[in-house]
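Asks: give me the fold of what follows.
(2 chains)
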Amino acid sequence: MPYSAEISRSNPTCFLFVVDRSGSMEDAFPNEKRRKADGVADAINRLLQNLVIRCAKEEGVRDYFNVGVIGYGEKVQPAFSGLLADREMVPISEIASMPARIEERTKKVDDGAGGLMDQKVRFPIWFDPVYKGGTPMNQALGLAKTVLEKWITQYPNGFPPIVIHITDGESTDGSPSQAMTDLTQLATSDGNVLLFNVHISSNPSAHTTAFPDTPAQLPDDYARNLFNGSSELTPFMRAVAADQGLTVAEGARGFVLNADLVLIIQALDIGTRPSNLR
Amino acid sequence: MRVTTDVFWAGKHGSQPHEYEDAYWPLHRLVEVTTDVFGCAIADGATESSYSRLWAKQLSRAAGLRLPSDEAALRELLRPLQKQWAGYVAQRIQKQALPWYVEEKASSGAFAALLSLQLDNTNNWRAVAVGDCCVAHLRKARLCQSFPLTRAAEFTQRPYLLSSLPARNGLLHANLHVADGNWQAGDVFLLMTDALAHWSLAEAEAGAEPWQTLICLDPDDAAGFETWLAPLRSARAIRNDDVTLLRVCVT
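Replies: Down below sits the predicted model:
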């Protein structure tokens, strides 16, 4: 049965984020003041923090995952900040020990008397917001393919890599259809690479859509292309999505349209829970 | 009532012995011990939480010594254990300069499945379970009852587990299972963590004789259990997980 390989330290899986850093990411999210680039960077940093914490045990961090981040805009390249800059794929224990910096932020917590109070929390940063240049999506997906080919050679029997592609725009180097097909045709013995597309659309007729099983309601060819290139959710991912209160049919794709930040975070969580760890 | 117990356990393949996160009580083998009331328990600490080995040990010991027969009793049993767990973890974190993620992880608490069984000399038994550890009650090597799960298909990858944080046990009332019945001299109870319980129910459903196999495991052959498990794991008939079997024979 595909997508059933155990995820262990000797047989890890990997997550590869492919993030649009083009000039339009400077714009705000629809109906919000925050820049898209800032919101996406926060979501990725929070997710990396969650992945580290998921792998943390009392004795240290277990290398269940390898993680890579590719940014594309003015440049197409690995996008970690700090000591991990230029690294394509990094074991999660090194991610844990090498954030670029740890910021202090505040979050609202229950004050125990029916109100909320500010609490200071540590917020490690591995990925910074950048917004400059065009949207060379094909080139980025091509680099993702190269990175994953190397990883698959190393772990031919691993749980298949999961690629999470976050974009707000249209590709400026041609249709990404073939590049997405090429990426998802890569496979380990446990199944094909899984591709999630998270699309922060600026099309005024785009309604928020999460994990559809048909492109019928999508507003334009561009969204339909990304839908068609997205992988079907595995049964385990469907169960996680259902746990989060989302309705997902059999055949639902890893595709989110016009995502707000909450939905991006949800999609990241669903996409990065391949199964239980061993 | 005379009770004999044997424990068989194995850590996940590829892990270190100190990473085994199941737990059981009693800790030592009993041979034909005469008693009016006998209690035992197993627990399965979650891989995805930290300090879950400690939590599983605490739970199995406490529930083995005193069966928490309903939700109120279980909450009462949990309270001091949760304090002890939090105290131990806070002390560890304070003592050593641990990296940022250790404290963050520990603040989510530890989780474990628990199954506790009590037999008495009026031939009654009672079991309490939260999560997917199971007990199989056998008579003449045939299954009388499997509890709390009865079919292999009922195992999920996300069972409800007991938390070391009181706030995380909100749905306990809906996830606490209680069963009772009668035992006869010669009956055997097999307390199993989920991987073995799943395998044995699947085997039985396929018409095989898993109960006979488990009854016949030799407690004097320490390496024999792992030798028996290895091909089943390779064939993925048993999931690669910590495996524990606490076998209780009563006469």
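Asks: burial of the residue nearest to B:Trp100 when sequence neighbours are not counted, as a residue count?
Replies: Leaving aside its sequence neighbours, B:Trp100 sits nearest to A:Arg122 (Cβ to Cβ, 6 or more residues apart in numbering or on different chains; 5.5 Å). All C-beta spots, glycine's among them, are computed from the backbone N, C-alpha and C. For A:Arg122, the number of neighbouring residues by other Cβ atoms under 10 Å in any protein chain shown comes to 14.
Asks: following the strand or helix carrying A:Arg122, which helix or strand comes up?
Replies: In this assignment (DSSP states H and E), A:Arg122 forms part of strand A:116-125. Toward the C-terminus, strand A:116-125 is succeeded by helix A:137-154 as the next helix or strand (DSSP H and E).
Asks: next, the angle from whatever helix or strand comes next after that following helix to helix A:137-154.
Replies: Once the chain leaves helix A:137-154, the next helix or strand it forms, by DSSP H and E, is strand A:162-167. Relative orientation of strand A:162-167 versus helix A:137-154 (axes from the mean of the first three to the mean of the last three Cα atoms, to 10 degrees): 170 degrees.
Asks: so which bits of strand A:162-167 are buried?
Replies: Using 16 or more other Cβ atoms under 10 Å in any protein chain shown as the test for burial, strand A:162-167 gives A:Ile162, A:Val163, A:Ile164, A:His165, A:Ile166, A:Thr167.
Asks: tell me who's in contact with the fourth one.
Replies: Taking Cβ atoms under 8 Å, 6 or more residues apart in numbering or on different chains as the definition of contact, the neighbours of A:His165 are A:Phe17, A:Val18, A:Val19, A:Leu141, A:Leu195, A:Phe196, A:Asn197, A:Val198.
Asks: about what we covered before: tell me the contacts of the residue nearest to B:Trp100?
Replies: Per Cβ under 8 Å, 6+ apart, neighbours of A:Arg122: A:Ile102, A:Glu103, A:Glu104, B:Trp100, B:Glu104.
Asks: strand partners (parallel or antiparallel) of the strand holding A:Arg122?
Replies: Paired strands of strand A:116-125, with direction, are strand A:101-110 (antiparallel) (DSSP bridges).
Asks: let me see the ranges of the helices in chain B.
Replies: B:52-65, B:71-95, B:100-106, B:172-175, B:194-205, B:210-215, B:224-234 (DSSP state H).
Asks: out of those, nearest to A:Glu26?
Replies: helix B:100-106 (30.5 Å; Cβ to Cβ).
Asks: ok, back up a step: for the residue nearest to B:Trp100, give the beta-bridge partners.
Replies: Bridge pairing for A:Arg122 - DSSP bridges - gives A:Glu104.
Asks: re earlier: can you redo the helices of chain B as TSV with mean pLDDT and mean neighbour count?
Replies: TSV is the format used below for the helices of chain B (pLDDT from 0 to 100; neighbours: other Cβ atoms under 10 Å in any protein chain shown):
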stretch	mean pLDDT	mean neighbour count
helix B:52-65	97	24
helix B:71-95	93	16
helix B:100-106	85	21
helix B:172-175	93	13
helix B:194-205	97	22
helix B:210-215	96	16
helix B:224-234	94	15
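Asks: who wins for proximity to A:Ala56 among those?
Replies: Of all the helices of chain B, helix B:100-106 comes closest under Cβ to Cβ, at 4.1 Å.
Asks: name all residues that make contact with residue 125.
Replies: Because you didn't say which chain, this covers chain A. A:Asn45, A:Ser81, A:Gly82, A:Pro99, A:Ala100, A:Arg101, A:Ile102, A:Glu103.
Asks: hm, I was asking about chain B
Replies: Counting by Cβ under 8 Å, 6+ apart, the residues that B:Trp125 touches are B:Leu117, B:Gln118, B:Leu119, B:His137, B:Asp180, B:Gly181, B:Asn182, B:Trp183, B:Phe189.
Asks: quick one: the last one and B:His137 touch, right?
Replies: Yes - checked against Cβ atoms under 8 Å, the pair B:Phe189 and B:His137 is within contact range at 5.6 Å.
Asks: quickly list what's touching both of those two.
Replies: B:Trp125, B:Trp183.
Asks: compare neighbour counts for these two and give me the winner.
Replies: B:Phe189 (24 against 21).
Asks: buried subset of the contacts of B:Trp125?
Replies: Judged by 16+ other Cβ under 10 Å, buried ones among the contacts of B:Trp125: B:Leu117, B:Gln118, B:Leu119, B:His137, B:Trp183, B:Phe189.
Asks: closest residue of the stretch 1-150 of chain A to chain B?
Replies: A:Ala56 (4.1 Å; Cβ to the nearest Cβ).
Asks: number of nearby residues for that residue?
Replies: Using other Cβ under 10 Å, A:Ala56 has 26 other residues around it.
Asks: B:Ala73 and B:Arg66: what is the separation?
Replies: 8 Å (Cβ to Cβ, to the nearest Å).
Asks: no wait, A:Lys57
Replies: Counting by Cβ to Cβ, the gap from A:Lys57 to B:Arg66 is 30 Å.
Asks: again with B:Thr150
Replies: Plainly put, B:Thr150 is 27 Å away from B:Arg66 if you go by Cβ to Cβ.
Asks: more crowded one of those two?
Replies: Taking neighbours as other Cβ under 10 Å, B:Thr150 and B:Arg66 compare with B:Arg66 leading, 16 against 13.
Asks: hmm, that one is touching B:Leu74, no?
Replies: No - using Cβ under 8 Å, B:Arg66 is not in contact with B:Leu74, being 10.5 Å away.
Asks: count the residues that sit near B:Asp120.
Replies: That count, for B:Asp120 with other Cβ under 10 Å as the rule, works out to 15.
Asks: what's near enough to touch it?
Replies: If you count contacts by Cβ under 8 Å, 6+ apart, then B:Asp120 has B:Met1, B:Asp36, B:Val37, B:Phe38 around it.
Asks: could you give the bridge partners of the last one?
Replies: Which is B:Phe38. B:Leu119.
Asks: is it true that it touches B:Arg126?
Replies: No - taking Cβ under 8 Å as the definition, B:Phe38 is not a contact partner of B:Arg126, at 11.4 Å.
Asks: which residues are in contact with each of these two?
Replies: B:Gln118.
Asks: which one of these two is surrounded by more residues?
Replies: B:Phe38 (22 against 16).
Asks: relative to chain A, how far out is the more buried one?
Replies: 33 Å (Cβ to the nearest Cβ, to the nearest Å).
Asks: next to chain A, which bits of the stretch 51-200 of chain B? Give me the list.
Replies: Contacts of the stretch 51-200 of chain B with chain A, taken as Cβ under 8 Å from any Cβ of the partner chain, map to B:Tyr51, B:Arg92, B:Pro99, B:Trp100, B:Tyr101, B:Val102, B:Glu104, B:Lys105, B:Ala106, B:Ser108, B:Gln157, B:Arg158.
Asks: for stretch B:186-195, which positions count as buried?
Replies: Result for stretch B:186-195 [16+ other Cβ under 10 Å]: buried residues B:Asp187, B:Val188, B:Phe189, B:Leu190, B:Leu191, B:Met192, B:Thr193, B:Asp194, B:Ala195.
Asks: for stretch A:183-202, same thing?
Replies: Buried-residue list, stretch A:183-202, by 16+ other Cβ under 10 Å: A:183-184, A:186, A:188, A:190-201.
Asks: got a list of what A:Ala215 touches?
Replies: Quick fix: residue A:215 is Pro, not Ala. Applying Cβ under 8 Å, 6+ apart to A:Pro215 gives the contacts A:Ala223, A:Arg224, A:Phe227, A:Asn228.
Asks: specify the local secondary structure of it.
Replies: Secondary structure, DSSP: H, G, I helix; E, B strand; the rest coil: A:Pro215 is coil.
Asks: spatially central residue in chain B, please.
Replies: Most central in chain B under Cα atoms, centre = their mean is B:Ile42, positioned 2.6 Å from the mean C-alpha point.
Asks: having no further points to raise, I will conclude here.
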